[in-house]
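J.: Sequence first, predicted model second:
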Amino acid sequence: MKTLLRLSLLASLLAAPFALRAEDLAIMGDTVYTMAGAPLKNGVVLVHDGRIEAVGPAASVKIPAGYRVLKAAVVTPGLIDAHATVGLSGLLNQVQDQDMLDKSSSLQPELRAIDAYNAKDPLVAWVRSFGVTTVNTGHAPAALISGQTMIIKTLGRTADEDVVNPAAMTSVTLGRNGLTVVEGAPGQGGPSASKSPGNRSKAVAMLRAELIKAQEYAKKREAKDETKRPGRDLKYETLLRALDGTQPLLVTANRQQDIASALRLAKEFNLKIVLDGCADAPLVLDEIKASGFAVIVHPTMQRSNEDMENLSVETAGKLHAAGIPIALQSSYEGYVPKTRVVLLEAAVAAANGLGFDAALASVTSDAARLLGIADRTGSLVAGKDADLALYDGDPFEYTSHCTNTVINGQVFTDGPR
Amino acid sequence: MHTRPLLCLAAVLGLAASLGAQEKTQVFKGAQIIPIAGEPIANGVFVVAGGKIVAVGAADKVAIPAGAEIHDATGKVLMPGLIDSHSHIGAGSGGDGSGPIQPDARVLDSLDARDASIQKARAGGITTVNVMPGSGHLISGQTLYLKLRAARVVDDLLIKLPDGTNAGGLKMANGTNSMRGANGFPGTRAKSAALVREEYIKAQEYRDKIKRANGDAEKMPPRDLALEEIVEVLDGKRIVQNHTHRHDDILTVLRLSKEFGFKVVLHHVSEGWKVADEIAAAHVACSVIMIDSPGGKLETRDADWRTPAILEKAGVLVGFHTDDPICDSRIFIRSAALAVRAGMTRKGALEAVTIANAKILGLEARVGTLEAGKDADFILLSGDPLSVYTHVEETWVEGKKVFDRSRPEDHLYAVGGAGAGDSRRAQLCCFTSAWDLIAAANGGDQ
């Protein structure tokens, strides 16, 4: 019995996709949405060495010998979930698989997603089975600064192997969810000495103070006298990357006053930020538009209560119509469902004002641009990573299936789902 | 019913005459009608009067009564109002934290008929709903089967049974939600079952005492509100609506239902696919929840979208539910579509949100299909019911329109936005807030 168990364990280890198994592929679609030009009827995407080799109509693309042929009704770029916690907030929702939030302090920009991401969590494979190939995942929008996010492919190997950008953004949460992290904190009436804001004003005051400290830290680090330089501080190092624009703040703000605070903060510190959630966006469209910042809109079907009270399935469409760059997301869920699926969120957005084309762009090309990875993924163009999703019908229809997901030329058959 | 147009016509004339000018007969023509009872009708006529369906059939077979108000529904789909067999709309409550067994607690005494969640359910095409107390108890109280009529107070929503009582079931649960291990709550599964058995045995004895008293007030036991409800269950007047996820918990419910002979419906049944044959053999129905992903709690680790298909194949009566706020009532019909995606028949999936749920609530004589004589509860859709692009355009309950997407105030509830939400935190299951959930996930008292 024990031997059997070991054997089966060994078998499953061997089967696990530790090594990338990129194949030479010819992916044929009745419709191929390249997201770089008009959709192709009877299109072909050739894949070699993990990259897209050629894209074009079947009539003009010669399929080399030995290429494995995959056929589908619809082929799209692999989907991109612009903000998730998958890999950190595990399927079981038990203490051993919840790494999206540390409650010891409400200001922890130094927490890196790559140090927590579990590539083997079943929810990674779950979202992949719907065509999701890339996620911007990390610490939950549930503390003033909960930590960083990273951009990673859903290959399911290890964080180090699958990562695209290990330090993509830093998660800031304004509003109710940003207040209540530290148990027993002064703002919550408790005796703890740790700092946790008790209200919105305090939260913004704390953020401003922290950013000012980071600026001062930067100055001191440049002191001519080496002995006068302060020791390295991981917290400020992260915030400095926000200040110089290399690792933007992902500011979750749902109430209009929180969106306004985010914009005010960005102006004061000359920050490039990405707005997240934005349930109240239709109330402050002009302000958001004027800021030039992009919005990762709340999941279309998220529950509408508390700060999300005013959310609407039409918000993504309204932002898009106003000319504001958007992407969609699965966000963070504390209970059931443990993760949302960005394909299903985009589907409801498509049906409620965003429309098919913009909805597809919001989880492919537009999401790639927003995340700064458009040179690698988000559209089907020769030279880019071979990330594709194959469907047996309109990807957004409830009754369609994702038949294959391809990442870096590796074919996954998690479904059909 | 469209096979008997003459009979229907007679009924129309009779009803129209009796109503006089009080309420006009309503006729919908041109729609594709999905009556659930029988095959879809490509170009149908649907006649409603006095809150009841009087005729449904093909355009060339159903006469349009004179003087009726005609609605051109060309290009639309008309089907029965959806029935949700497990929901928490209306901000209702049941048992509190004082103990695991509280059959005396009634949703009736807590429901807010004006809560936004009720208008949103109408926007989702739901016309009949089982509003349950939470699952944090072995027995958490009496549920209410409601009609989503235009309502000022809870009484406007009630479904009256022939004996004048309010239609409803008894909410029970097993597994981890009710295992709180303090305040008399069980700490294990075996203890959970033992406590339930004790309560049912008490109820049997209570019922026997009443029987032996034979009307003699002196010999009657003192009234016990909790046991009275269990006796209703034992007598088959009240169906047990039982939250259960894991396959072994499902079998425990079947075992208890057999021991005490009560009628039960299994709710959620995340692992129902593992014991489909056992469920079928017990002739017990399932109300399944379709969630975006498995997990979120240990018991739903193995939840599978194929469950409805597997149960259907095994011969089990399958319904769906929202468990609102777990799933949004406005996209309830998505449950049927996702089940089809995972192998269920289209017919079975459409029945699961209509007639199957009517049976699950014991209301199949009144609702769940479009048949003459049944309540005029129906919805008008912009297209195929299983398409994401389809919207519920109108919802009618007992011949009255309760939702119209073209009215701005109704559109707001359908899509959300300022004024349609709730500034309170949603209560999920037995927890009070999302933060309790995280606390529980991080080793709290769950």
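T.: Everything's here; your move. Bear in mind the structure is a predicted one, so any value in this text is a computation, not a measurement.

J.: Only C-alpha atoms from now on, for both contacts and neighbour counts.
T.: Fine.

J.: avg pLDDT for stretch B:404-420?
T.: Stretch B:404-420 carries an average pLDDT of 95.

J.: try stretch A:90-103
T.: 94.

J.: Counting neighbours, which bits of that stretch end up buried?
T.: A:90-95, A:97-102 (16 or more other C-alpha atoms under 10 Å in any protein chain shown).

J.: Find the residue ranges of chain B scoring beneath the pLDDT cut-off.
T.: B:1-22, B:423-446 (pLDDT under 70).

J.: what's the domain layout of it?
T.: Residue ranges for the domains of chain B, per automatic domain parsing: B:5-75, B:82-368.

J.: same thing with chain A?
T.: A:15-77+A:379-417, A:79-377.

J.: and the buried residues of stretch A:90-103 as CSV, adding distance to chain B and secondary structure?
T.: Below are the buried residues of stretch A:90-103 laid out as CSV (distance: C-alpha to the nearest C-alpha, whole Å; DSSP: H, G, I helix; E, B strand; the rest coil):
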residue, distance to chain B, secondary structure
A:90, 8, coil
A:91, 5, coil
A:92, 5, coil
A:93, 5, coil
A:94, 5, coil
A:95, 4, helix
A:97, 9, helix
A:98, 7, strand
A:99, 10, coil
A:100, 10, coil
A:101, 9, coil
A:102, 10, coil
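
J.: Just name the closest of those residues to residue A:373, please.
T.: Closest approach between these and residue A:373, by C-alpha to C-alpha: residue A:100, at 23.3 Å.

J.: what sits against the closest residue to that closest one other than its chain neighbours?
T.: Spatial nearest neighbour of residue A:100, excluding adjacent residues (C-alpha to C-alpha, 6 or more residues apart in numbering or on different chains): residue A:139 at 4.5 Å. By C-alpha atoms under 8 Å, 6 or more residues apart in numbering or on different chains, residue A:139 lies in contact with A:85, A:88, A:99-101, A:113, A:146-149, A:171.

J.: repeat for residue B:384
T.: Under the criterion of C-alpha under 8 Å, 6+ apart, the neighbours of residue B:384 are B:77, B:390.

J.: Just want the phi and psi numbers for it.
T.: For residue B:384, the backbone dihedrals (degrees, to the nearest 10) come out as phi -60, psi 130.

J.: And stretch A:140-157, how far out from the chain middle?
T.: Offset of stretch A:140-157 from its chain centre (C-alpha atoms, centre = their mean, to the nearest Å): 7 Å.

J.: And for stretch A:209-216?
T.: On C-alpha atoms, centre = their mean, the centre of stretch A:209-216 falls 27 Å from that of its chain.

J.: Outside of that stretch itself, which residues are in contact with it?
T.: Taking C-alpha under 8 Å, 6+ apart as the rule, stretch A:209-216 contacts A:236-237, A:239-240, A:269.

J.: Need the max-distance pair from the residues you listed.
T.: A:237 and A:269 (15.7 Å).

J.: Tell me the bridge partners for residue B:129.
T.: residue B:84, residue B:146 (DSSP bridges).

J.: Distance of the most centrally placed residue in chain B relative to residue B:320?
T.: In chain B, the residue lying closest to the centroid (C-alpha atoms, centre = their mean) is residue B:85, at 1.9 Å. For residue B:85, the distance to residue B:320 equals 7 Å [C-alpha to C-alpha, to the nearest Å].

J.: which residues are common contacts for the two?
T.: With C-alpha under 8 Å, 6+ apart as the test, residue B:85 and residue B:320 both reach B:287, B:357.

J.: ranges for the helices of the stretch 51-200 of chain B?
T.: Under the criterion DSSP state H, counting those that start in this stretch, the stretch 51-200 of chain B contains helices at B:116-123, B:189-213.

J.: what separates the first one from the chain centre, distance-wise?
T.: Right, the one you point to is helix B:116-123. 14 Å.

J.: could I have that helix exported to PDB, CA atoms only?
T.: Below are the C-alpha coordinates for helix B:116-123, written out as PDB (Å, rounded to 0.1, in the frame of the first residue of the first chain):
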ATOM      1  CA  ALA B 116     -32.800  46.600  -2.100                       C
ATOM      2  CA  SER B 117     -31.900  42.900  -2.400                       C
ATOM      3  CA  ILE B 118     -35.600  42.100  -3.000                       C
ATOM      4  CA  GLN B 119     -35.900  44.600  -5.900                       C
ATOM      5  CA  LYS B 120     -32.700  43.200  -7.300                       C
ATOM      6  CA  ALA B 121     -34.100  39.700  -7.200                       C
ATOM      7  CA  ARG B 122     -37.100  40.900  -9.200                       C
ATOM      8  CA  ALA B 123     -34.600  42.400 -11.700                       C
END
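
J.: thinking again about what came up before, can I get the domains of chain A in a markdown table including distance to residue B:331?
T.: Output for these, formatted as a markdown table (distance: least, C-alpha to C-alpha, whole Å):
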| stretch | distance to residue B:331 |
| --- | --- |
| domain A:15-77+A:379-417 | 11 |
| domain A:79-377 | 9 |
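
J.: out of those, which comes closest to residue B:313?
T.: Among the domains of chain A, the nearest to residue B:313 by C-alpha to C-alpha is domain A:15-77+A:379-417 (18.9 Å).

J.: The closest one: how far from the chain's middle?
T.: 22 Å.

J.: Could you pull up the mean pLDDT of it?
T.: On average, domain A:15-77+A:379-417 scores 95.

J.: thinking again about what came up before, among the contacts of stretch A:209-216, which one sits closest to residue B:150?
T.: The closest of the contacts of stretch A:209-216, once distances to residue B:150 are taken by C-alpha to C-alpha, is residue A:269, at 52.3 Å.

J.: Do I have it right that that closest one meets residue A:245?
T.: No - judged on C-alpha atoms under 8 Å, residue A:269 makes no contact with residue A:245 at a distance of 10.8 Å.

J.: give me phi/psi at the spatially most distant residue from the centre of chain B?
T.: Distance to the chain centre peaks in chain B at residue B:218, reaching 41.1 Å (criterion: C-alpha atoms, centre = their mean). The phi and psi values for residue B:218, taken as degrees, to the nearest 10, are phi -60, psi -40.

J.: one step back: of the contacts of stretch A:209-216, buried ones?
T.: A:236-237, A:239-240.

J.: Now, these that are in strands?
T.: Judged by DSSP state E, strands contain none of the buried ones among the contacts of stretch A:209-216.

J.: Closest one to residue A:257 out of those, please.
T.: residue A:239 (23.2 Å).

J.: measure that closest one to residue A:294 for me?
T.: 20 Å.

J.: For residue 117, which residues are in contact?
T.: As the question left the chain open, I've gone with chain A. A:87-88, A:138, A:159.

J.: Correction: the question concerned chain B.
T.: Neighbours of residue B:117 in contact, by C-alpha under 8 Å, 6+ apart: B:89-90, B:329.

J.: could I get these as CSV with distance to residue B:335?
T.: Output for the contacts of residue B:117, formatted as CSV (distance: C-alpha to C-alpha, whole Å):
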residue, distance to residue B:335
B:89, 17
B:90, 21
B:329, 10
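
J.: Ranking by neighbours, what's the top pick from these?
T.: residue B:329 (28 neighbours; other C-alpha atoms under 10 Å in any protein chain shown).

J.: ok, that one touching residue B:322?
T.: Yes - assessed by C-alpha under 8 Å, residue B:329 is found in contact with residue B:322 at 6.0 Å.

J.: which residues of the stretch 51-200 of chain B fall in strands?
T.: All strands of the stretch 51-200 of chain B, identified by DSSP state E, counting those that start in this stretch, fall at B:52-58, B:69-72, B:77-80, B:82-87, B:126-131, B:139-142, B:144-147, B:170-173.
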